[in-house]
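J.: I'll drop the sequence and a predicted model, then ask my questions.
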There are 4 protein chains.
Amino acid sequence: MDRRVRRTRKLLGNALLELVQEKKFEQITIQDITDRADLNRATFYLHYGSKEELLADSLESYFDALVEQITPLTLEKPIWESPAAEGIVFAHVAEHAELYRVLLGKNGMGYVINRVIDYIAEFSLLQLKAGLNSIEPQAPIEIAARHVAGSLYALITWWLMNDMPYTPHEMAEMTTRLCVNGTVSTPAAQE
Amino acid sequence: MDRRVRRTRKLLGNALLELVQEKKFEQITIQDITDRADLNRATFYLHYGSKEELLADSLESYFDALVEQITPLTLEKPIWESPAAEGIVFAHVAEHAELYRVLLGKNGMGYVINRVIDYIAEFSLLQLKAGLNSIEPQAPIEIAARHVAGSLYALITWWLMNDMPYTPHEMAEMTTRLCVNGTVSTPAAQE
Amino acid sequence: MDRRVRRTRKLLGNALLELVQEKKFEQITIQDITDRADLNRATFYLHYGSKEELLADSLESYFDALVEQITPLTLEKPIWESPAAEGIVFAHVAEHAELYRVLLGKNGMGYVINRVIDYIAEFSLLQLKAGLNSIEPQAPIEIAARHVAGSLYALITWWLMNDMPYTPHEMAEMTTRLCVNGTVSTPAAQE
Amino acid sequence: MDRRVRRTRKLLGNALLELVQEKKFEQITIQDITDRADLNRATFYLHYGSKEELLADSLESYFDALVEQITPLTLEKPIWESPAAEGIVFAHVAEHAELYRVLLGKNGMGYVINRVIDYIAEFSLLQLKAGLNSIEPQAPIEIAARHVAGSLYALITWWLMNDMPYTPHEMAEMTTRLCVNGTVSTPAAQE
DNA sequence: TCCTAAGCGAGACGGTACGTCTTGTCTTCCA
DNA sequence: TGGAAGACAAGACGTACCGTCTCGCTTAGGA
């Protein structure tokens, strides 16, 4: 039945997300997962071909939730006028801090890290395309978008690994300022 | 016999660096490594406790070489006057492109990725500290340094994964411009 | 209701008897049987607890048919005056050659083999008891009966495995002669 | 090392021969065997591909020992003058009664049963060939040999299953008498 | 004629064994 | 003494069956 299947998959997903916070992903066994989910090991294979597949499936929901929240804000106004979208991202990360600490932090998962950066870069690209009708960027916009994505990723992980010493709003503001204005008010701009 | 030992370790290291370009790190076995190095499997354990250990040992040389090249340039003059250090980094990456593609790219190794970002952030911190005697940064310098590191990392991987469509020098220039001036010539700077 | 049930059981039985000629009994799965019978696997368990049980059920009919044919002949006259019963046995075996080749031959089923020998021994015992009112046997009649049964079994399997090079009647005659007179015309009998 | 390997194989063989007396062969697992032998399950597969293979290997020794004892006696004099060979067989069976009870008895192993009968038939064939220079057999000698083999097999199992109520010597005598003279002193021979 | 219990299909699941693959340890022997 | 060779324990892997269960559909037989 569909209900049973959905239940089983959710149990598996939750078990994995729990375990991922306890030990390194590579050394989580299928047995570990099914033990935690109170299911038989063979049952796992009725639903997923590998724990990677299960992880991907389980992460979808997190990302989907986030994307839905942000989408309306994205194209509304140029990023340099409002860091609202960034604020939501930092808030979302804070909400699932333990999980992201594992996925992105020291010994994080390369696959997830790059997936996240790609994701952000795509959004930035849209933002930049929308906002840059007249203004000249400092580099081809793909590269600029990538720059923003790398920055955001690095600040998120820094923030997570340092026990989130600022509010999501503050982080969003700093991120935006750094990306829009550059690291420093340059000597040229200072005059 | 010191000579034999060093020889054995180098054989192991080279074998691993070769293999890492052929298949995903996690599914390289000790047997694979020793087969490639024409050594007995048991011999591996006389020298290393895990393939991670061997990898770390083998990567040292790459990083060390790079660090030595850059160090003198780092503190010489503020980054915004010369992207020389960045240029060297991009050239180094180009030289070992296949390797970094594996270590940092899609399905890269989380450990290495974060290690690299940390590394860059430390350097940026030094650069910023040296250059910012009078100038006000847009954010606490740890954060600014982290921002630069994330950006550099993201641009390196973008460049690698897109078959290096610009010269190292061009990449360095763009990176510097984006970091120093921000993504766009800001409205403020436009006037 | 009953008609459907009987139909289902017959389908299962036929499927098994077919399969038993295609692969070794132990490696026939319940799934194999129900696939062949165009039934659901769970349905098997509504009728039988194991494939052994199904086999036993299915074999009954074969044995029953045989026993009915033979019974009247058995006690009529001493075996050494007529090998009629043996003839019927060989004919029956010939009729179901493929099946018995599997059940009794190389890699046959120990259970069936011994069941068959026991069966024959029981009949021989009755025959001998009836015929030996005055004549002295060469050994206790249980043993003599067992001897006859072993011989008949061995000759049946030899005959089957060698593509039945004699007619059932010839086999029956030889069997009877060997059992009654012994392997050779003994020196004593030669005189 | 060779010594270790031989030791391991013997451990496995003994474990299996023990287990075979405790439960049906088919439901002995590899784990059962290696548990009993105090070895790791994987080790089993370094030496044998299946428990059947192990059993065959383990049984060799029994048969070999027996064959060596009998061979010199076999061709010495015609069977009808001395049941010495048969006596040795029954003694051998008695010595390993528990084992043969399992291998040959009710729920015995078809493979072993037929192997044993074939084995005996081959010997009988040699005996008959040697002894029958002048005397006329009651049937083609392959068939006569098969008859003897079936008889011997049936008597061995009868004897085993009935707690060996006669001495090996007595059994050998009866077997010989039944095979040589036939079940009864026939009416014809009686005159 | 309806309706209702049985037969059955479909398939999820717990459970057990399979045969394979790595890992790490050990022992023996050679250069 | 460093390394080759290889046996072994340990334990996860993915697969294959088993037996049980629940859920619907259908279909025949008694009301």
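T.: Yes, it's here.
J.: Nearest to the spatial middle of chain A, which residue is it?
T.: A:V116 (4.9 Å; CA atoms, centre = their mean).
J.: A:R177: neighbouring residues, count only.
T.: By the measure other CB atoms under 10 Å in any protein chain shown, the count of residues near A:R177 is 20. Bear in mind the C-beta positions are built from the backbone N, C-alpha and C, glycine included.
J.: wait, the residue nearest to the centre of chain A sits on A:Y153?
T.: Yes - using CB atoms under 8 Å, A:V116 makes contact with A:Y153 at a distance of 6.2 Å.
J.: Mutual contacts of those two, please.
T.: A:L104 (CB atoms under 8 Å, 6 or more residues apart in numbering or on different chains).
J.: tell me which element the residue nearest to the centre of chain A falls in.
T.: Element membership for A:V116, per DSSP states H and E: helix A:110-131.
J.: contacting residues for A:S124?
T.: Counting by CB under 8 Å, 6+ apart, A:S124 touches A:79, A:144-146, A:148-149.
J.: when you check DNA strand E, which of the residues you listed turn up near it?
T.: Applying CB under 7 Å from any atom of the strand to the contacts of A:S124, one finds that nothing falls near DNA strand E.
J.: okay, now the domains of chain A?
T.: Chain A breaks down into these domains under automatic domain parsing: A:2-47, A:52-185.
J.: Quick one: mean pLDDT for the shortest one?
T.: So the one you mean is domain A:2-47. For domain A:2-47, mean pLDDT rounds to 93.
J.: right, is that domain up against chain C?
T.: No - remark: domain A:2-47 sits outside contact range of chain C, by CB under 8 Å from any CB of the partner chain, the gap being at least 15.6 Å.
J.: where does chain A have low pLDDT?
T.: A:1, A:73-82, A:132-136, A:184-191 (pLDDT under 70).
J.: Tell me where it has helices.
T.: A:2-19, A:30-37, A:41-47, A:51-74, A:84-95, A:97-104, A:110-131, A:141-161, A:168-181, A:187-190 (DSSP state H).
J.: Take the ones you listed and lay them out in TSV including distance to D:H169.
T.: Formatted as TSV, the helices of chain A follow (distance: least, CB to CB, whole Å):
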stretch	distance to D:H169
helix A:2-19	69
helix A:30-37	60
helix A:41-47	58
helix A:51-74	69
helix A:84-95	90
helix A:97-104	80
helix A:110-131	79
helix A:141-161	89
helix A:168-181	98
helix A:187-190	117
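J.: which of those sits most buried?
T.: helix A:141-161 (a mean of 24; mean count of other CB atoms under 10 Å in any protein chain shown).
J.: Now find how far off-centre that one is within its chain.
T.: Taking CA atoms, centre = their mean, to the nearest Å, one finds helix A:141-161 lying 11 Å from the centre of the chain it belongs to.
J.: just stretch A:27-47 next, same as before
T.: The answer for stretch A:27-47 is 26 Å, by CA atoms, centre = their mean.
J.: swap in stretch A:145-164?
T.: 10 Å.
J.: Could you export that stretch as PDB, CA atoms only?
T.: Taking Å, rounded to 0.1, in the frame of the first residue of the first chain, the C-alpha atoms of stretch A:145-164 are listed here in PDB:
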ATOM      1  CA  ALA A 145      27.000  34.400  -9.800                       C
ATOM      2  CA  ARG A 146      29.600  31.700  -8.900                       C
ATOM      3  CA  HIS A 147      31.500  34.300  -6.800                       C
ATOM      4  CA  VAL A 148      28.300  35.100  -4.900                       C
ATOM      5  CA  ALA A 149      27.600  31.400  -4.400                       C
ATOM      6  CA  GLY A 150      31.100  30.600  -3.100                       C
ATOM      7  CA  SER A 151      30.900  33.500  -0.700                       C
ATOM      8  CA  LEU A 152      27.500  32.600   0.600                       C
ATOM      9  CA  TYR A 153      28.600  29.000   1.100                       C
ATOM     10  CA  ALA A 154      31.800  30.000   2.900                       C
ATOM     11  CA  LEU A 155      29.900  32.400   5.200                       C
ATOM     12  CA  ILE A 156      27.300  29.800   6.000                       C
ATOM     13  CA  THR A 157      29.800  27.200   7.000                       C
ATOM     14  CA  TRP A 158      31.900  29.800   8.900                       C
ATOM     15  CA  TRP A 159      28.800  30.800  10.800                       C
ATOM     16  CA  LEU A 160      27.800  27.200  11.500                       C
ATOM     17  CA  MET A 161      31.200  26.100  12.600                       C
ATOM     18  CA  ASN A 162      31.500  29.100  14.900                       C
ATOM     19  CA  ASP A 163      28.300  28.500  16.700                       C
ATOM     20  CA  MET A 164      26.300  31.200  14.900                       C
END
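J.: is any part of it close to chain B?
T.: Yes - Stretch A:145-164 is in contact with chain B by CB under 8 Å from any CB, via A:146-155, A:157-158.
J.: Tell me the one among these nearest to A:I120.
T.: Closest approach between these and A:I120, by CB to CB: A:A149, at 3.9 Å.
J.: The closest one is in contact with A:I117, isn't it?
T.: Yes - contact criterion CB under 8 Å: A:A149 and A:I117 qualify, at 4.9 Å.
J.: Quick check: neighbours shared by these two?
T.: With CB under 8 Å, 6+ apart as the test, A:A149 and A:I117 both reach B:A154.
J.: Between helix A:84-95 and the helix holding A:V116, find me the angle.
T.: Helix A:110-131 runs at 160 degrees relative to helix A:84-95, counting by axes from the mean of the first three to the mean of the last three CA atoms, to 10 degrees.
J.: Please export the C-alpha coordinates of helix A:110-131 as PDB.
T.: In PDB, the C-alpha atoms belonging to helix A:110-131 read as follows (Å, rounded to 0.1, in the frame of the first residue of the first chain):
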ATOM      1  CA  GLY A 110      31.700  16.800  -1.400                       C
ATOM      2  CA  TYR A 111      28.600  15.900  -3.300                       C
ATOM      3  CA  VAL A 112      26.300  17.900  -1.100                       C
ATOM      4  CA  ILE A 113      28.700  20.900  -0.900                       C
ATOM      5  CA  ASN A 114      29.000  21.300  -4.600                       C
ATOM      6  CA  ARG A 115      25.300  20.600  -5.100                       C
ATOM      7  CA  VAL A 116      24.600  23.500  -2.700                       C
ATOM      8  CA  ILE A 117      27.000  25.900  -4.400                       C
ATOM      9  CA  ASP A 118      25.600  25.100  -7.800                       C
ATOM     10  CA  TYR A 119      22.100  25.600  -6.400                       C
ATOM     11  CA  ILE A 120      23.000  29.000  -5.000                       C
ATOM     12  CA  ALA A 121      24.800  30.000  -8.200                       C
ATOM     13  CA  GLU A 122      21.700  29.300 -10.300                       C
ATOM     14  CA  PHE A 123      19.700  31.600  -8.100                       C
ATOM     15  CA  SER A 124      22.300  34.300  -8.200                       C
ATOM     16  CA  LEU A 125      22.400  34.100 -11.900                       C
ATOM     17  CA  LEU A 126      18.700  34.800 -12.100                       C
ATOM     18  CA  GLN A 127      19.000  37.600  -9.600                       C
ATOM     19  CA  LEU A 128      21.800  39.200 -11.500                       C
ATOM     20  CA  LYS A 129      20.200  38.800 -14.900                       C
ATOM     21  CA  ALA A 130      17.100  40.500 -13.600                       C
ATOM     22  CA  GLY A 131      18.900  43.300 -11.900                       C
END
